[in-house]
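Engineer: I'd like to go over a predicted model; first the sequence, then the structure.
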Protein chains: 2
Amino acid sequence: MTPQRYAILQYLMESHDHPTADEIYRALSPQYPSLSVATVYNNLKVFIDAGLVREHTYGDDSSRFDADLSDHYHAICTKCGTMVDFEHPPIKDVEEAATASTGFSVFGHRMEVYGLCPTCKTMHA
Amino acid sequence: MTPQRYAILQYLMESHDHPTADEIYRALSPQYPSLSVATVYNNLKVFIDAGLVREHTYGDDSSRFDADLSDHYHAICTKCGTMVDFEHPPIKDVEEAATASTGFSVFGHRMEVYGLCPTCKTMHA
DNA sequence: CTTTTTGCAAATCCTTTGCATCTTT
DNA sequence: AAAGATGCAAAGGATTTGCAAAAAG
């Protein structure tokens, strides 16, 4: 556990805004001037493999990383890319429906809603 | 509506396996030897803007394109990337829950289940 | 000292773009 | 000629990788 590694994980745990790899890099650059983007990616992969962090992709945009492992879904702003958490009981019946009709061994699902965040909604008017 | 454009759209409508841009390119190359990948992407964008085709991304993999506009969800194989359709009533309550708790103007959602397709499931054993 | 991690640059993959060519009108 | 579509090759962005130097244990 190097200082860089610790800083990246801590940043992820403290920030609730699902940063991209580059945002993490830029946020930590001041404290760790020699930090490289590759190291950020390396460590993100380590965390993901360790099950500490989840990666989310939306369209062509950069992946966003989330250290909040609790069961929750995301609302994504299609204008600025912001991801906001929201609570909702896990949708279990879709997994059963999929298993029944596709023959897959289903072990998970992903659900997210799209819309305009309060800020972009206002600017949109 | 050029021959290339028509061929791409027709291929998408006839194939139910959600091909990637490259798969479309390779499938049509024999009939259109001069076809270029750029043209495939160009036309896919035209179709998407026209609302004839939908684009789906999963992780870092290539986008997959779907000309089936009916309401349906997808099961994705995490091993080989295959996407299979399945039917399920639209999940409307999550959009309401998200609107209520985030303040977003929600206009849609995305849901997909992950697992192993029958083929990969067998090989996995 | 042995292994892991870092940091840089180059490489890779997917997708887009610039531009000249070719249609089609 | 004007407008749009094509095809090539080069550019672009996000992520990964090779490898040498540095740090950790």
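Structural biologist: Sure, I can see it.
Engineer: can we go C-alpha only for contacts and neighbour counts from here?
Structural biologist: OK.
Engineer: would you say residue A:113 is within a strand?
Structural biologist: Yes. The assignment for residue A:113 (DSSP: H, G, I helix; E, B strand; the rest coil) places it in a strand.
Engineer: So it is in contact with residue B:93, correct?
Structural biologist: No. The criterion here is CA atoms under 8 Å, and residue A:113 misses it with residue B:93 at 10.9 Å.
Engineer: More neighbours: which of those two?
Structural biologist: residue A:113 (27 against 10; other CA atoms under 10 Å in any protein chain shown).
Engineer: residues in contact with that one?
Structural biologist: Contacts were defined as CA atoms under 8 Å, 6 or more residues apart in numbering or on different chains; by that measure residue A:113 touches A:74-76, B:94-95, B:98, B:106-110.
Engineer: and if you look at residue A:97?
Structural biologist: Residues near residue A:97 by CA under 8 Å, 6+ apart: B:86-88.
Engineer: still on that earlier bit, among the contacts of residue A:113, which lie within helices?
Structural biologist: Applying DSSP state H to the contacts of residue A:113, the entries found in helices are B:94-95, B:98.
Engineer: how about the strands in chain A?
Structural biologist: Listed in chain order, the strands found in chain A under DSSP state E are A:54-56, A:64-66, A:73-77, A:83-86, A:105-116.
Engineer: how far out from the middle of the chain is the longest one?
Structural biologist: So the one you mean is strand A:105-116. Centroid separation between strand A:105-116 and its chain, computed with CA atoms, centre = their mean, to the nearest Å, is 13 Å.
Engineer: Just the CA trace of it, in CSV.
Structural biologist: Extracted in CSV, the C-alpha atoms of strand A:105-116 (Å, rounded to 0.1, in the frame of the first residue of the first chain):
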residue,chain,number,x,y,z
SER,A,105,-26.9,-18.0,-16.0
VAL,A,106,-27.7,-14.6,-14.8
PHE,A,107,-25.7,-13.2,-11.9
GLY,A,108,-26.4,-9.6,-11.9
HIS,A,109,-28.0,-6.6,-13.6
ARG,A,110,-27.4,-3.0,-14.2
MET,A,111,-30.0,-0.3,-14.2
GLU,A,112,-29.6,3.4,-14.5
VAL,A,113,-32.0,6.2,-15.4
TYR,A,114,-31.2,9.1,-17.7
GLY,A,115,-32.3,12.7,-17.5
LEU,A,116,-31.2,16.2,-16.9
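Engineer: Skip the chain neighbours and tell me the closest residue to residue A:7.
Structural biologist: Leaving aside its sequence neighbours, residue A:7 sits nearest to residue A:28 (CA to CA, 6 or more residues apart in numbering or on different chains; 7.6 Å).
Engineer: Just the buried subset of the contacts of residue A:97, please.
Structural biologist: In the contacts of residue A:97, burial by neighbour count holds for B:86, B:88, counting by 16 or more other CA atoms under 10 Å in any protein chain shown.
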